[in-house]
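A.B. asks: Structure for this input, please:
(one chain, ligands or ions: 1)
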Amino acid sequence: MQRSSPVLAATVLAASLLSGGASAQNAAPPGAAAQSAPSQGAATQDADPGAIVNALFAAGGNQAKVRGSGAKGVCLKGSFTPSPEASGLSKAPHFTKTVPVTARFSMGGSNPKISDKAKPVTRGFAMRMSDPSGDMVFVVISAPVFSTRTPQQLLDFATVRAPGPDGKPDADKIKAFAAANPETTRQAAWLNARPVPASFAGVDYWGVHAYTLTDAKGAATVARLKWVANAGQLGLTDDELKAKPDSFYADELKERLSKGPASFDLVAMLAETDDPVNDPTVAWPEERKQVKLGTVAIAAIEPDATCDAATFDPVADLPEGVAGPATDPMFAIRSPAYAVSLSRRAN
Ligand code: HEM
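C.D. replies: Reported below is the predicted structural model:
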């Protein structure tokens, strides 16, 4: 689809949206009581998921049959192999043996034609680790923080980025929103301070929520999860970026995977007292104690249809032993929002 540059500009702004301890062995970890169960609750939803999804689509130019975010991406398959330490933190069966993985790398936002060179835009990594007992799904981004703290704030963030009649968002409205909501600027600032990744496999990804891992004896550990690229941080210089076409990630990945798997270490960053468990706009210090939970190895590209048939639901598809935060309002709302997006693109 042909796009005008103002709409592209609006899309890049909108795309920046999803751009994206204590070990508790036998001791109650920070925040554990408040979030020992996954949140399903409508009580935490201070804005309608359908309205948010509509705003995400509008901010990206209202394309048909695409995802509300991560519209441009590559479907993949691989495997997850847990570390020996993983089953000591969580009783999830996925931490006891190698399991198959369906995954998808993507660009933030709802524009399927977004340039792979776009900045500040998060790269996304969705993955389904399969087991006969049920799946374990994570949907994570190339920044340690998400852009908003509450669903209402996300609705407003996306709404001010909708293109007006001239095809451009209102820069004054965006500025005023940022001034009134300074925490919503952290993600873009973080991305702007780093180079554009040269590869979907050459950048780290973060689950921006605080998860509770529970072991077979019931001991809980609160952690944020991070996927560390074994290829390292492959950033493009300004000159390299200029020389790239708008779509290069898919070819780069094909080439990379022809030589061997692209792998990421899944690392749990353990919470310390006072690390917020309810606010994905705040990063935890990187020097938190880290425990490697395993390695995700991406082996090959998979037909789009494999990833398009369903959504990666990071709320509903968690096993016993891994729970999302009950007190983070951005977590529970992801499930109904992703379902609205799926029904819109499937119909
Ligand atoms: C808070 C942390 C969040 C992160 C890290 C995140 C990240 C992502 C990523 C990487 C994708 C692409 C998935 C794929 O490749 O299939 C995605 C999809 C999507 N996200 Fe999020 N997201 C977050 C929160 C939200 C919230 C709060 C909403 C709305 C309330 C939302 C709305 C969507 C929608 C509608 C899709 C498309 C789902 C589909 O059609 O399958 N996201 N998100």
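A.B. asks: Could I get the buried residue list for the host helix or strand of Tyr338?
C.D. replies: Assigned by DSSP states H and E, Tyr338 falls within helix 334-346. For helix 334-346, the buried set under the neighbour-count rule, 16 or more other CB atoms under 10 Å, comprises 334-342, 344-345. To be clear about C-beta, it is placed using only N, CA and C from the backbone, and glycine gets the same treatment.
A.B. asks: Give me the residues contacting the host helix or strand of Ser263.
C.D. replies: Under the criterion DSSP H and E, the helix or strand holding Ser263 is strand 262-270. Strand 262-270 is contacted by residues 21-23, 29, 80, 89, 125, 199-201, 204-205, 213, 221-231, 253, 256, 284, 286, 288-298 when judged by CB atoms under 8 Å, 6 or more residues apart in numbering.
A.B. asks: partner strands of that strand, parallel or antiparallel?
C.D. replies: As defined by DSSP bridges, the strand partners of strand 262-270 come to strand 220-229 (antiparallel), strand 290-301 (antiparallel).
A.B. asks: So which of those is nearest the ligand?
C.D. replies: strand 220-229 (10.9 Å; CB to the nearest ligand atom).
A.B. asks: distance of Ala219 from the ligand?
C.D. replies: Counting by CB to the nearest ligand atom, to the nearest Å, the separation of Ala219 from the ligand is 27 Å.
A.B. asks: same thing with Ala346?
C.D. replies: Ala346 is 9 Å from the ligand, by CB to the nearest ligand atom.
A.B. asks: show me where the stretch 101-250 of the chain has helices.
C.D. replies: 151-159, 171-180, 186-192, 238-243, 249-259 (DSSP state H, counting those that start in this stretch).
A.B. asks: quick one: contacts of the shortest one?
C.D. replies: Residues outside helix 238-243 that contact it (CB under 8 Å, 6+ apart) are 117, 195-196, 198.
A.B. asks: before we move on, what about the last one?
C.D. replies: Where contact means CB under 8 Å, 6+ apart, the residues beyond helix 249-259 that reach it are 74, 76, 105, 116, 198-201, 231, 262, 298-301.
A.B. asks: can you list the residues of the stretch 51-200 of the chain near the ligand?
C.D. replies: The interface of the stretch 51-200 of the chain toward the ligand, taken as CB under 6 Å from any ligand atom, is made up of 52-53, 56, 67-70, 73, 104, 106, 124, 126, 139-141, 146, 151, 154.
A.B. asks: Tell me which residues touch the residue nearest the centre of the chain, please.
C.D. replies: Centroid-nearest residue in the chain: Val140, 2.4 Å away (criterion: CA atoms, centre = their mean). Counting by CB under 8 Å, 6+ apart, Val140 touches 20, 124-126, 205-208, 225, 227.
A.B. asks: Please list the members of those residues that lie in strands.
C.D. replies: Of the positions in the contacts of Val140, 124-126, 205-208, 225, 227 sit in strands, assigned by DSSP state E.
A.B. asks: Format the residues you listed as TSV; extra columns: pLDDT.
C.D. replies: Putting the ones in strands among the contacts of Val140 into TSV (pLDDT from 0 to 100) gives the following:
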residue	pLDDT
Gly124	98
Phe125	99
Ala126	99
Tyr205	98
Trp206	98
Gly207	98
Val208	98
Leu225	98
Trp227	98
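A.B. asks: and of the residues you listed, the nearest to Thr185?
C.D. replies: Of all these, Thr185 sits closest to Val208, with 15.5 Å by CB to CB.
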